[in-house]
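Peer 1: no sequence on hand, only this structure:
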C-alpha cells in the first residue's frame with residue numbers, strides 16, 4: 001500500500017495504457033486500478049437511435065423551387 005501511495009501517478013499512467021494494477025495490503029489484494037472505458041466515443045452511441053428515426057423516401061429530393069434557387073436544376 002505504501003508503495004502505491006508513493007508511485008500513484010506512475011500506476012495511473014500504466015492503467016491509462018491498459019494495464020490492470022492490483023494493490024495489496026500485507027500481501028492480500030485489496031483494490032484494482034483499471035483504465036476507464038471511453039464513453040463519449042462514436043462507438044459508444046453507434047446504433048443508439050436504430051428504429052427510432054425514420055427518413056421519408058423522398059428525403060434527398062429538393063423541391064423544385066429550392067433546387068432552382070440553388071441552381072441544382
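Peer 2: Structure received. Please read these numbers as outputs of a predicted model, since none were measured by experiment.
Peer 1: from now on I want contacts and neighbour counts done on CA atoms only, so please keep to that.
Peer 2: Noted.
Peer 1: residue 58 and residue 8, how far apart?
Peer 2: Distance, residue 58 to residue 8, using CA to CA, to the nearest Å: 58 Å.
Peer 1: more neighbours: those two, which one.
Peer 2: More neighbours surround residue 8 than the other of residue 58 and residue 8, with 12 against 8 (other CA atoms under 10 Å).
Peer 1: now for the chain, the helix or strand with the poorest mean pLDDT.
Peer 2: Across the helices and strands of the chain, mean pLDDT, DSSP states H and E gives its lowest value to helix 42-45, namely a mean of 71.
Peer 1: what's the first-to-last distance across stretch 40-47?
Peer 2: Length of stretch 40-47, first residue to last, CA to CA: 14 Å.
Peer 1: who touches that stretch?
Peer 2: The contact list for stretch 40-47 (CA atoms under 8 Å, 6 or more residues apart in numbering) reads residue 38.
Peer 1: what do you get if the cut-off is 10 Å, keeping everything else the same?
Peer 2: By CA atoms under 10 Å, 6 or more residues apart in numbering, the surrounding residues in contact with stretch 40-47 are 37, 38, 39.
Peer 1: ok, how many other residues are close to the last one?
Peer 2: The one in question is residue 39. Neighbour count of residue 39, defined by other CA under 10 Å: 9.
Peer 1: now do the contacts for it.
Peer 2: Contacts for residue 39 (CA under 10 Å, 6+ apart) come out as residue 45.
Peer 1: for residue 4, see how far away it is.
Peer 2: Distance of residue 39 to residue 4, given as CA to CA: 27 Å.
Peer 1: the second one now?
Peer 2: To residue 4, residue 38 is 25 Å away according to CA to CA.
Peer 1: pick out whichever of those two has more residues nearby.
Peer 2: Shown here are residue 38 and residue 4; by other CA under 10 Å, residue 4 has more neighbours (16 against 9).
Peer 1: where does the closest residue to that one other than its chain neighbours land in three-state SS?
Peer 2: Excluding the flanking residues, the one nearest residue 4 by CA to CA, 6 or more residues apart in numbering is residue 23, at 6.9 Å. Here residue 23 is recorded as strand under DSSP: H, G, I helix; E, B strand; the rest coil.
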